[in-house]
Every structure is written in structure tokens, then in C-alpha cells.
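In: would you be able to build a 3D model of this:
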Amino acid sequence: MARVIAKFPTVFFPGQLGQPRDPFFKPLFSPPTVNFVFAAKLRASSTPVAVVVETKPDPISVEKEVSIGKSILACPICYQPFTWNGDLGLSVESMPGSSFHCSSCKKACFGNETHLDLTVATGAKEYDESMPAATEIFRTPLISFLYERGWRQNFIWGGFPGLEKEFELAKGYLKPVLGGTIVDASCGSGLFSRTFAKSGLFSLVVALDFSENMLRQCYEFIKQEEGFPKENILLVRADISRLPFASSSVDAVHAGAALHCWPSPSIAVAEISRVLRPGGVFVATTYLLDGPFSVLPFLKTLRQNMVRVAGSHAFLSERELEDLCTACGLGGFTCVRNGRFVMISATKPS
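Out: All right, here's what the predicted structure looks like:
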């Protein structure tokens, strides 16, 4: 299986540097680019507000018809398609008061003012369960509030190049599925979900996260932004290990800075492979502990302890990520590096 890897000048963590390095880089390997003019402008403010990217895309041509809408949503228990009471298309505006019903197992899910809850335990009155610490921390109101007000910006120290450059890289990988449906998995407060929606590159953007507070924060950012295209974005609460979509129904899945937070990356990527249609694309970013870290004899043991205690995962090499995708039925693995940062792409075979 072909494997394309590009490396860039190393960006170190803050503890290794006296002064911050310039995060911008020119890749030696570039994923396929989209042949249209795409103007992006980053607005900055001294006050703590969300990072906003203004996009002005040219019209894009879709070579084949892509089915979207309510047919993609499925019961998180039996994966049978939902029926629902809405008259409008799926969007953030149509969710308040909506209800979804499974004719097979009789599961019912309901939308509230901000999002649609499609977790397995939704509707339970007495039962509740907590997730590992790496997941639970993002459910807190404080972290949800801080995520785009400093938390995500600190990723620059690990080599993450920033919203605009990460979006441009992802856009190249996603070129084969432009015009279709994209799921922004573990979307947080919707930094990339909102950017995908405003770009006009996709017919429907599903902002998906397990954290209710992250989704509420995403909704607040959408409300605050004048002229935001609410008609093509949907906010969904769901478990990455139990995605509420019909098999082979989604054109693309994006997961920004999320792989290492998933309790079981293999179960999550297997679910992503299930919901992707043939030819669908998976794009994700994470960090790697390779290079000088790889010679530490106790690193794998330390990682096992991290998984048990915090529920997070540390990847040690590009080959490990490729092996993960291959084991879950995805091929055509490629990746691009910048220090510890890595963006990967894999495709479901046609």
C-alpha cells in the first residue's frame, strides 16, 4: 500500500524553547488543491471572542448528485433510519421541538434549542454514566467557554499551524467529495464546523460532539455571527463510538485534534469507516510522540497507563496511524507533518 509522508521543520513544545518559533511552514508535500479562488480572512480582537474566518468561495461544480438530508440520520441502537416530524430540511434552525423515531426498536430522540441529542442514553430518566477524564473535561462549561478563547490557540506549540492553514490542507484532501455531506467529529465549539459551513463547499455540515456545553457554545457563536448560513449546518450530540448515521451515508468525516482524546481510536475509526460511503474521505489531525521520544523504553507502558487513567491516547509513529486506518477498512493513507503535528487522510475503498 502506498504511503506518502512529508515532513517539515520541527516545532518544539514550549518547555524546549526560550522563544516561540514561527508556526508557518511551506510543505514539501501538498495534498491536491481545489481549483477555485478562496479568499479567507482572519479577524482578531483584543477582547475574548471566537476565532472567525470570513470565506468568499466561488461557485463549485458537483460532478455527481449526492444524497443529503434526513436519510443519513439513524438510530444509535440499531442503525435503522429515523423518521421525524419536521417539514424543513435538516439544519440548526429545524431542530427545536423536533422528534426522531425508530420504527424498529422504538427509540425516540429529541431536538432542543441548540442541538439534537442522538446518544444511546438520551431520554433515560434515572440512568447516567460518565466518560473517561479526557472526555469529561470537555463537557465542563469552563473548558467549553475557553476552547476558542486561548485553549485551541496554544496548540501552536505542538506544531499545529492554525485554523487557516489546517483548513487549506484539509480542503485539498476533501476535494473528491466537495458538494456532499461532511461530519465534523468531536467538533468542540465548532471552530472547523462553522468554517466548513461558511465555505459553501458542502451541502450539509454536521457538527458532532459528546459535550452538550461545546455544542451550546457553537450555537452561541452561530447566533452572534451576522449572515451565518444556518440552513446547511446541524448540531448533533453523539458518541464517536456509536455514530447515529446510516451505513455508507456520509461523504467525509473530519476530526480536528481529536484522535488522541478518543477512549478507543480503533472503535471510533471503525465507526467512521462504517458510515463513510465508498470513496468517502477521512481527514484527522493529532500529534505524535516520535523522534527522541521513541527511544524511551518506558513510553509504551506510560501510554497504557494514560489510557487506563485518563482515557486518552498517544500515538508514536505515522505507521501506527496507517495501521489503525488499514485495520478499520480505510486505504490510500497519506499524512503531512509539522513538528509533532500530523494531518492524516484515508479513503474508504470504492
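
In: which residues in this protein form helices?
Out: Ranges of helices within the chain are 133-136, 141-146, 163-173, 191-199, 212-224, 265-275, 299-310, 318-327, based on DSSP state H.

In: show the pLDDT at Phe38.
Out: If you check Phe38, the pLDDT there is 33.

In: any idea what His101 is bridged to?
Out: Taking DSSP bridges as the rule, His101 bridges to Thr83, Ala108.

In: from Gln80, how far out is it?
Out: 10 Å (CB to CB, to the nearest Å). In short, each C-beta sits where N, CA and C put it, glycine included.

In: low-confidence ranges in the stretch 1-150 of the chain?
Out: 1-70, 86-88 (pLDDT under 70).

In: cool, and the stretch 151-300 of the chain?
Out: 292-300.

In: longest strand in this protein, please.
Out: Counting by DSSP state E, the longest strand found in the chain is strand 276-287.

In: ok, which stretches of the stretch 1-150 of the chain are strands?
Out: 4-6, 38-43, 52-57, 82-84, 99-102, 108-110, 116-117 (DSSP state E, counting those that start in this stretch).

In: name the residues that touch the shortest one?
Out: The contact list for strand 116-117 (CB atoms under 8 Å, 6 or more residues apart in numbering) reads 95, 98, 100, 109-111, 212, 234-237.

In: do that again at 10 Å, thanks
Out: 73, 76, 84, 90, 92, 94-96, 98-100, 109-111, 122-123, 206, 208, 212, 215, 234-238, 244 (CB atoms under 10 Å, 6 or more residues apart in numbering).

In: quick one: buried ones out of those?
Out: Among the contacts of strand 116-117, those classed as buried by 16 or more other CB atoms under 10 Å are 73, 76, 84, 90, 92, 94-95, 98, 100, 109-111, 122, 206, 208, 212, 215, 234-238, 244.

In: quick one: contacts for the residue nearest to Leu90 when sequence neighbours are not counted?
Out: Once flanking residues are discounted, Leu90 sits nearest to Leu234: 5.0 Å by CB to CB, 6 or more residues apart in numbering. Leu234 makes contact with 72-73, 89-95, 111, 115-116, 181, 183, 193, 197, 204-208 under the criterion CB under 10 Å, 6+ apart.

In: and the gap between Leu234 and Ile272?
Out: In terms of CB to CB, Leu234 sits 18 Å off from Ile272.

In: is it true that Leu191 touches Arg149?
Out: No - if you go by CB atoms under 10 Å, Leu191 and Arg149 don't touch, sitting 11.3 Å apart.

In: how far away is the residue lying closest to Thr181 once chain neighbours are set aside from Asn154?
Out: In this structure, Thr181 finds its nearest non-sequential neighbour in Leu204, 4.6 Å apart by CB to CB, 6+ apart. From Leu204 across to Asn154, the span is 31 Å (CB to CB).
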